[in-house]
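>>> one predicted model, sequence on top.
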Amino acid sequence: RILTSANKLVSAPAENPFIYSIDSATEFQAKILGAAIATTALSQGQYGQFPLYVFTEDGIWAMEINADGSLAPGKPLPRHVCVNPESITSIDDAVIFVTDQGVMLLRGSEATNISPLMNGRHYSIEGTAKTIVEGQDFFRDLLPALTDNTPFLAFIKQASVAYDYAGGRLIFIKKDE
């Protein structure tokens, strides 16, 4: 278990997840935005060496496990900065997060922009079709989503991300305004 407060990360020992000690605190130079579990190593032969990514306002840190099982800062990863903490999502073998450049896929120590694979016109309904949908009680609640023409990069900066394990899909959900 892990607790965060502004720029400090405190972990509990594996054998007692209810005790947090100041000795296990790691202080970062910037505010912590979130954390995600890594399921793959930073390089071959190191599985489990960096089990946790910590996202700060300065970039991403990969945490190491010490011999006693405590967490310690490993090394800084690419200087991508997450602009939407709600987007930090663990998937099967990577972590997804949003930067000013788009949706990033962090696998090991490599971050790849996967937004170009997602760009395109998202579904929108207009004109006569919109009038027909407005008349149907079943669809009325969906109308704001169906008529939203927000550009993709602007949309993802304000959306939460969910991962559909069964379908292997990322689902971006816009918060109510």
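Yep, that arrived. A quick note: this is a predicted structure, and the numbers were derived from the prediction, not measured. Residues are numbered from 1 along each chain as shown.
>>> can you give me the helices in the protein?
Assigned helices in the chain, in chain order: 127-134, 137-140, 143-146, 152-156 (criterion: DSSP state H).
>>> mean pLDDT lowest for which of these?
Least confidently modelled of the helices of the chain is helix 143-146, at a mean of 60 by mean pLDDT.
>>> Thr89 - how many residues pack around it?
18 (other Cβ atoms under 10 Å). The way it works is simple: take the backbone N, C-alpha and C, and place the C-beta from them, glycine included.
>>> pairing partners for it in the sheet, please.
Beta-bridge partners of Thr89, counted by DSSP bridges, are Ile96.
>>> so it makes contact with Gly34?
No: the pair Thr89 and Gly34 does not pass the contact test of Cβ atoms under 8 Å, sitting 9.7 Å apart.
>>> mind listing what Ser87 touches?
96-98, 103, 156, 159-161 (Cβ atoms under 8 Å, 6 or more residues apart in numbering).
>>> excluding sequence neighbours, find me the nearest residue to it.
When the adjacent residues along the chain are set aside, Ser87 lies closest to Val98, with 4.0 Å between them (Cβ to Cβ, 6 or more residues apart in numbering).
>>> what score does that neighbour have for pLDDT?
Predicted confidence (pLDDT) for Val98: 95.
>>> got it, and Ala111?
Looking at Ala111, its pLDDT is 91.
>>> I'd say it and His80 touch.
Yes: applying Cβ under 8 Å, one finds Ala111 in contact with His80, separated by 5.2 Å.
>>> which of the contacts of Ser87 lies closest to Ala67?
Phe97 (30.0 Å; Cβ to Cβ).
>>> and the gap between that closest one and Thr131?
Separation of Phe97 from Thr131 (Cβ to Cβ, to the nearest Å): 39 Å.
>>> out of those two, which sits in the busier spot?
Each of Phe97 and Thr131 has its neighbours counted (other Cβ under 10 Å); Phe97 has more, 26 against 10.
>>> show me the contacts for the more buried one.
Taking Cβ under 8 Å, 6+ apart, we find Phe97 in contact with 36, 55, 80, 82, 84, 87-89, 103-104, 106.
>>> with Asn66 instead?
By Cβ under 8 Å, 6+ apart, the residues touching Asn66 are Ala72.
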